[in-house]
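Participant: Compute the structure for the input listed below.
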Amino acid sequence: MTATRKQHSPAFKARVAMEAIRGEKTMSQLGSQFKVHPIQIGKWKKSAVEQLHELFVDGRTRKGEAAESGKDALYEEIGRLKVELDWLKKQVGMLD
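Facilitator: Numbering: from 1, shown residues only. Prediction:
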């Protein structure tokens, strides 16, 4: 007999993690209340605390960094295509 794993929604995980962050109850009490193992609650709490700073990142700077990496990739491709074009021009010149 195999047991199926429970799939918890992100909203449920967030609610449990917030309760754990508040610290009003122990992990064991939260585990009994939400029917989740205390170690799992600890993992959700740790993940929430680690990712909390990303909520307050200025969206303008995040987009700017992504655009810069996109520009670099485009310039790299332009350079590669230019080299290919020059090589092809030389090859056509040799055939004449």
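
Participant: show me where this protein has helices.
Facilitator: 10-22, 27-34, 38-51, 59-95 (DSSP state H).

Participant: Could you count how many residues lie near residue 89?
Facilitator: The number of residues packed near residue 89 is 10, by other C-beta atoms under 10 Å. Yep, even glycine has a C-beta here, placed from its N, CA and C like the rest.

Participant: so how many other residues sit close to residue 31?
Facilitator: Look at residue 31: counted by other C-beta under 10 Å, it has 19 neighbours.

Participant: no no, residue 43
Facilitator: By other C-beta under 10 Å, the residues close to residue 43 number 13.

Participant: can you count the residues close to the spatially closest residue to residue 33 that is not a sequence neighbour?
Facilitator: Using C-beta to C-beta, 6 or more residues apart in numbering and skipping residues adjacent in sequence, the residue nearest residue 33 is residue 25, 7.3 Å away. Residues near residue 25, counting by other C-beta under 10 Å, number 13.

Participant: Residue 25 reaches residue 31, doesn't it?
Facilitator: No - applying C-beta atoms under 8 Å, one finds residue 25 not in contact with residue 31, separated by 9.6 Å.

Participant: what residue ranges in this protein score low on pLDDT?
Facilitator: Scanning the chain for pLDDT under 70 picks out the ranges 1, 59-67, 94-96.

Participant: again, 90 this time
Facilitator: Applying pLDDT under 90 to the chain flags residues 1-6, 52-73, 89-96.

Participant: check contacts around the residue most central in space within it.
Facilitator: The centroid of the chain falls nearest to residue 51 when counting by C-alpha atoms, centre = their mean (9.8 Å). Applying C-beta atoms under 8 Å, 6 or more residues apart in numbering to residue 51 gives no contacts.
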